[in-house]
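# give the three-dimensional model of this entry:
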Amino acid sequence: MLILSTVIPSEGIQKKMMEAFPDLNFIYQKGWTEGPLREAEILITYGEDMTEEIIGNAANLKWIMVMSAGMELMPFKAIEERGILVTNARGIHKIPMAEYTIGMLLQYEKKLKLLMKNEKEELWDRKIEVGELNGKTMLVIGVGAIGGEVARLGKAFGMMTVGVNRSGKRVESIDHLYTLDNLLEAIPGADYIVSVLPSTVETKGFLKKEHFKAMKESAVFVNIGRGDLMNDEVLIEALDAGELSHAILDVFDPEPLGKGHPFWRMENVTVTPHLSSKSGEYLPRTFAIFEKNMREYLKDGKDFINVIDLSRGY
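So this is what the prediction gives:
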């Protein structure tokens, strides 16, 4: 059996896969080449290099392991027509993304950008007013694995946690829960609004003017989900109007954020280059999921981790 991967892990991970599955043939390479692609039964990918043509040329393909959580570029129609199993790495991002979120909120409350500027200018200013996370309310929009971890860390800092999800089903570390349809009810009481929503048909452009108008003037908006959650102009107008205090943005539509974009020069916006999920533990965690699913696959089992609903795309 051939496993073809355009994700190229460290030699240590490659060795671990060989030891775990000595009878299987792994090929790690950049891009898809016709011969191995036609023979491969399993593809490992980040998902961004998948096309209908690739699926059509993979004659023996039975399973695609996507080593990320984002699935918006996958050709699901072609995959569904073939009945191909798709699994992804949902859940592995929760630790780095939750740490990023809390780190950014601390950066905002403790005025770290200003302190670093003053340090560079050799300016001693003890009149800077710094805040605390303790006692504040954090609203997490999209409380799955990542959002739940954000809330857990928030609780460790003494924060009240409010969550929003599609079902309204209870989530650990969330004090109060709303459904996505009732988001406007949850926004006014939040000091921090953190979006972890993926990009789907339902979430594209989901946040509109009325959502930002409902925020506290002191509120901080954090987006670590997807950049197409709202139109940039809607957020810029809200910030200019003082409808919220600050926006911390790690995701954009399109990416990379273009030179000259207003976000770069706005004092009340913090821009980071889509790195909230980055970690040295990323590939070890993704290949651990692959290994568990591979063992299930070899015994013709059904208990796979992170199976994707092809009709929904997540």
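# show me the beta-bridge partners of residue 3.
With DSSP bridges as the criterion, the beta-bridge partners of residue 3 are residue 26, residue 42.
# report the separation between it and residue 139.
Separation of residue 3 from residue 139 (C-beta to C-beta, to the nearest Å): 42 Å. From N, CA and C alone the C-beta is placed, and that goes for glycine too.
# neighbour count: these two, which is higher?
Residue environment comparison for residue 3 versus residue 139 gives the larger neighbour count to residue 139, 28 against 21, counting by other C-beta atoms under 10 Å.
# residues in contact with that one?
If you count contacts by C-beta atoms under 8 Å, 6 or more residues apart in numbering, residue 139 has them with 162-164, 186-187, 189-190, 192-194.
# let me see the mean pLDDT of the strand or helix carrying it.
Assigning secondary structure by DSSP states H and E places residue 139 in strand 137-141. Confidence over strand 137-141, taken as the mean pLDDT, stands at 98.
# paired strands for that strand, with orientation please.
In its sheet, strand 137-141 lies beside strand 160-165 (parallel), strand 192-195 (parallel), with partners assigned from DSSP bridges.
# in whatever helix or strand comes next after the longest one, what counts as buried?
As assigned by DSSP H and E, the chain's next helix or strand after strand 160-165 is strand 176-179. Within strand 176-179, the residues that qualify as buried by neighbour count (16 or more other C-beta atoms under 10 Å) are 177-178.
# which residue is the nearest non-sequential neighbour of the residue located most distally from the centre of the chain?
When distances are taken from the C-alpha mean of the chain, residue 124 lies farthest, 38.4 Å away, according to C-alpha atoms, centre = their mean. With C-beta to C-beta, 6 or more residues apart in numbering as the measure, residue 118 is the residue that lies nearest to residue 124, at 7.7 Å, once sequence neighbours are left out.
# quick one: contacts of the one helix or strand that neighbour maps to?
Secondary structure assignment for residue 118, by DSSP H and E: helix 112-120. Helix 112-120 is touched from outside by 106-107, 124-125, 128, 270, with contacts defined as C-beta under 8 Å, 6+ apart.
# from the contacts of residue 139, which is closest to residue 101?
Of all the contacts of residue 139, the one with the least separation from residue 101 (C-beta to C-beta) is residue 194, at 5.8 Å.
# who's in contact with the residue nearest to the closest one when sequence neighbours are not counted?
Counting by C-beta to C-beta, 6+ apart, residue 222 is the residue found nearest to residue 194 once chain neighbours are left out, at 4.5 Å. Residue 222 makes contact with 101, 104-105, 192-195, 247-250 under the criterion C-beta under 8 Å, 6+ apart.
# residue 222: which element?
Counting by DSSP H and E, the secondary-structure element that holds residue 222 is strand 220-223.
# and what of residue 16?
With secondary structure defined by DSSP H and E, residue 16 is part of helix 11-20.
# just give the closest residue to the spatially most central residue of the chain, not the sequence neighbours.
The central residue of the chain, meaning the one whose C-alpha is nearest the mean C-alpha position (C-alpha atoms, centre = their mean), is residue 225 at 4.8 Å. Nearest non-adjacent residue to residue 225, counting by C-beta to C-beta, 6+ apart: residue 197, 4.2 Å away.
# could you say which helix or strand holds the one you found?
When secondary structure is defined by DSSP H and E, residue 197 falls outside every helix and strand.
# pull the number of nearby residues for it.
Taking other C-beta under 10 Å as the criterion, the count of residues near residue 197 is 24.
# that one: what's it in contact with?
When contacts are counted by C-beta under 8 Å, 6+ apart, residue 197 touches 141-142, 203, 206, 225-226, 229.
# can you tell me how far it is from residue 222?
Using C-beta to C-beta, we find residue 197 at a distance of 12 Å from residue 222.
# do the same with residue 280
Look at residue 280 and residue 222: by C-beta to C-beta, they are 23 Å apart.
# hmm, back to that, of the contacts of residue 139, grab the buried ones for ChimeraX.
Buried residues within the contacts of residue 139, as defined by 16+ other C-beta under 10 Å, are selected in ChimeraX through the command that follows:
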select :162,163,164,186,187,190,192,193,194
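# specify which member of the contacts of residue 139 is nearest to residue 48.
Comparing the contacts of residue 139 against residue 48 with C-beta to C-beta places residue 194 closest, at 25.1 Å.
# what sits against that closest one?
Under the criterion of C-beta under 8 Å, 6+ apart, the contact list for residue 194 reads 101, 138-141, 147, 150, 222, 224.
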